[in-house]
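In: Pasting the sequence and the predicted model now:
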Amino acid sequence: MSLVSWGLDYSVEVESLDRQHQILFDMLNNLHDAMMQGKGTQLAPTILKNLVQYTREHFSREEGLMIQAHYPHYLQHKAEHDKLIAEVVELVRELETSKVLLSTKLLDFLRDWLKSHILSSDKKYTVYLQAAGIH
């Protein structure tokens with residue numbers, strides 16, 4: 001059973017970004033599956049590191065398109081990205097040093113952040129990217 005499912009309501013109407021968002025959903029579901037199979041503690045650090053790496057790449061691409069489209073809320077959007085990366089990097093560090101246990105709270109946080117960010121922040125740049133000819 002998936003933790004989060006991609007649907008058209010998450011589309012930002014930019015094909016490359018939609019594909020990247022779908023990959024982020026898949027990565028989060030992989031972490032959830034590992035936990036449900038009792039392999040969370042063993043696999044979580046690697047899955048989370050991969051998630052952080054891919055998220056950084058996605059944010060970089062997304063931010064590049066926002067700059068290209070002269071998105072007026074770029075700095076605020078980038079700050080949201082930077083904050084999430086810092087929080088997840090710290091969680092990975094804590095997992096690796098056994099200062100915190102992997103829990104459903106972490107999954108819930110990541111799921112809720114991803115869904116909320118796409119629906120409330122990412123959707124705002126769609127009109128600007130489309131006006132700049134980015135589809």
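Out: Nice, thanks for sending it over.
In: what's the offset of stretch 51-68 from the middle of its chain?
Out: Taking the mean of its C-alpha atoms, stretch 51-68 sits 10 Å from the chain's own mean (C-alpha atoms, centre = their mean, to the nearest Å).
In: in it, what's buried?
Out: Going by neighbour count (16 or more other C-beta atoms under 10 Å), the buried part of stretch 51-68 is 51-52, 55, 58-59, 62, 65-66. Every residue, glycine included, has its C-beta placed from N, CA and C.
In: and which of the residues you listed is nearest Asn29?
Out: When the buried residues of stretch 51-68 are compared for distance to Asn29, the smallest value, 11.0 Å, is given by Leu51; criterion: C-beta to C-beta.
In: Now do the same contact list for that closest one.
Out: 24, 27-28, 31, 88, 110 (C-beta atoms under 8 Å, 6 or more residues apart in numbering).
In: ok, 7 Å please
Out: With C-beta atoms under 7 Å, 6 or more residues apart in numbering as the criterion, the residues that contact Leu51 are Met27.
In: Span of stretch 121-135 from start to end?
Out: The distance separating the two terminal residues of stretch 121-135, taken as C-alpha to C-alpha, to the nearest Å, comes to 18 Å.
In: neighbouring contacts of that stretch?
Out: Outside stretch 121-135, the residues that reach it (C-beta under 7 Å, 6+ apart) are 12-15, 65-66, 68-69, 71, 73, 77, 80.
In: what's the burial count for Leu3?
Out: Other residues lying near Leu3 total 18 when counted by other C-beta atoms under 10 Å.
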